[in-house]
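*Asks:* this is the structure alone, sequence omitted:
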Ligand code: F6P
């Protein structure tokens, strides 16, 4: 078989580990691996190149993706779907490695056009259903936690409030997990919007009980909300991508200004941004990505089209792509409560 492979959406530590594992398994069984360059854009433009043994040498610990990526949506490109199907004529199957958007396209192409596609779930946001975890999340949490640890010491020296903005468009997994691990004093996420006044109250309470610094972790998708008024989401929106998602950024700055005004404490902000996506994956993510890549290749060889590799408990198992993209996996109330237990 000739098996195509693409990486789509935001890059994520562990993509290369998936490519390496899937390629190794395919090669060992006598199949060919073909890299599609630049995600779905590569499929619409027919840009491919073989993945040989030398292409995957040494890539296990490397961040990013050797196949490049894009946020192209073939369903919103004129003639995009037809072009994808034409590129597919040169392949027997496709492994799509991506998040809700990339896998959403894969699921649709499978359902509507019978595409021989298998998925692998990636995103540092960890917001995909059908899998307990996505690879890349552990690395991003580790980076954010280390940043929070470092900010603690400087916050303490200067008696400051430190706001740390982390990624997470619709789901606060990164904020909650790094907030718990880093001992944040308040964690603000899109799922359970807290007013800025309540956040200030929690900080005042902490300072009244003898502490003179605080750490606030905020998801980029948290809507700045005043008790008296509505959310301020519009001011955070910069742009829309091909999937209609808002491009976020800047909520940390606004929050810091409001907290300084409401509490009177000197406040600084650190936006971690793409630092959370860059660099080498943790050992956990390398192993998870490797397990996903191996299963994806097996699913291809078994002709299990429309399926994805997912983590359920300790096992990596096949899951229908349709299940993965049906609804975003957001932070449940009882998990947020673990962070809340340390607020203020
Ligand atoms: O989907 C992953 C993600 O990192 C989000 O957390 C973030 O909102 C978005 O990608 C940023 O996208 P870009 O790299 O295109 O700015």
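*Replies:* Nice, I can see it. Here the structure is a predicted model, which means the values were calculated and not measured.
*Asks:* which parts of this structure sit against the ligand?
*Replies:* Neighbours of the ligand within the chain, by Cβ under 6 Å from any ligand atom: 9-10, 99, 123-125, 167-169, 220, 247-248, 277. (Each C-beta comes from the backbone N, C-alpha and C, glycine too.)
*Asks:* just to be sure, which of those are found in strands?
*Replies:* Using DSSP state E, the subset of those located in strands is residue 247.
*Asks:* what subset of the residues of the chain next to the ligand is buried?
*Replies:* 9, 10, 99, 123, 124, 125, 167, 168, 169, 220, 248, 277 (16 or more other Cβ atoms under 10 Å).
*Asks:* any chance of these in CSV, with distance to residue 76 and pLDDT too?
*Replies:* CSV is the format used below for these (distance: Cβ to Cβ, whole Å; pLDDT from 0 to 100):
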residue, distance to residue 76, pLDDT
9, 14, 97
10, 18, 96
99, 17, 97
123, 20, 97
124, 24, 98
125, 22, 97
167, 24, 97
168, 24, 94
169, 19, 89
220, 24, 96
248, 20, 77
277, 24, 97
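*Asks:* possible to save the residues you listed as CSV with distance to residue 283?
*Replies:* Below are these laid out as CSV (distance: Cβ to Cβ, whole Å):
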residue, distance to residue 283
9, 24
10, 22
99, 22
123, 19
124, 16
125, 21
167, 22
168, 23
169, 27
220, 27
248, 30
277, 18
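*Asks:* which residues touch residue 279?
*Replies:* 13, 63, 139, 143 (Cβ atoms under 8 Å, 6 or more residues apart in numbering).
*Asks:* among those, which one has the most neighbours?
*Replies:* residue 13 (31 neighbours; other Cβ atoms under 10 Å).
*Asks:* in three-state terms, label it for me.
*Replies:* With DSSP: H, G, I helix; E, B strand; the rest coil as the basis, the three-state label of residue 13 is coil.
*Asks:* now do the SS call for the closest residue to residue 83 other than its chain neighbours.
*Replies:* In this structure, residue 83 finds its nearest non-sequential neighbour in residue 44, 4.4 Å apart by Cβ to Cβ, 6 or more residues apart in numbering. Assigned with three-state DSSP, residue 44 falls in the helix class.
*Asks:* what of residue 107?
*Replies:* Assignment for residue 107 (three-state DSSP): helix.
*Asks:* surely it touches residue 305?
*Replies:* No. Judged on Cβ atoms under 8 Å, residue 107 makes no contact with residue 305 at a distance of 10.8 Å.
*Asks:* comparing these two, which residue is more hemmed in?
*Replies:* Legend: neighbour count by other Cβ under 10 Å for residue 107 and residue 305, higher for residue 107 (24 against 16).
*Asks:* now do the contacts for that one.
*Replies:* Here residue 107 is in contact with 119, 306, 321, 322, 324, 325 (Cβ under 8 Å, 6+ apart).
*Asks:* same deal with residue 70?
*Replies:* 8, 38, 39, 40, 41, 42.
*Asks:* look up how far residue 250 lies from the residue in the stretch 51-200 of the chain that the ligand sits nearest to.
*Replies:* Residue nearest to the ligand within the stretch 51-200 of the chain (Cβ to the nearest ligand atom): residue 167, separated by 3.3 Å. Shown here: residue 167 relative to residue 250, a distance of 13 Å by Cβ to Cβ, to the nearest Å.
*Asks:* list the buried ones in the helix of greatest length in the chain?
*Replies:* Determined from DSSP state H, the single longest helix within the chain is helix 137-158. Neighbour-count burial for helix 137-158 flags 137-145, 147-148, 151-152, 155 (criterion: 16+ other Cβ under 10 Å).
*Asks:* can you add pLDDT and give the residues you listed back as JSON lines?
*Replies:* What follows is those, written out as JSON lines (pLDDT from 0 to 100):
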{"residue": "137", "pLDDT": "98"}
{"residue": "138", "pLDDT": "98"}
{"residue": "139", "pLDDT": "98"}
{"residue": "140", "pLDDT": "98"}
{"residue": "141", "pLDDT": "98"}
{"residue": "142", "pLDDT": "98"}
{"residue": "143", "pLDDT": "98"}
{"residue": "144", "pLDDT": "98"}
{"residue": "145", "pLDDT": "98"}
{"residue": "147", "pLDDT": "98"}
{"residue": "148", "pLDDT": "98"}
{"residue": "151", "pLDDT": "98"}
{"residue": "152", "pLDDT": "97"}
{"residue": "155", "pLDDT": "98"}
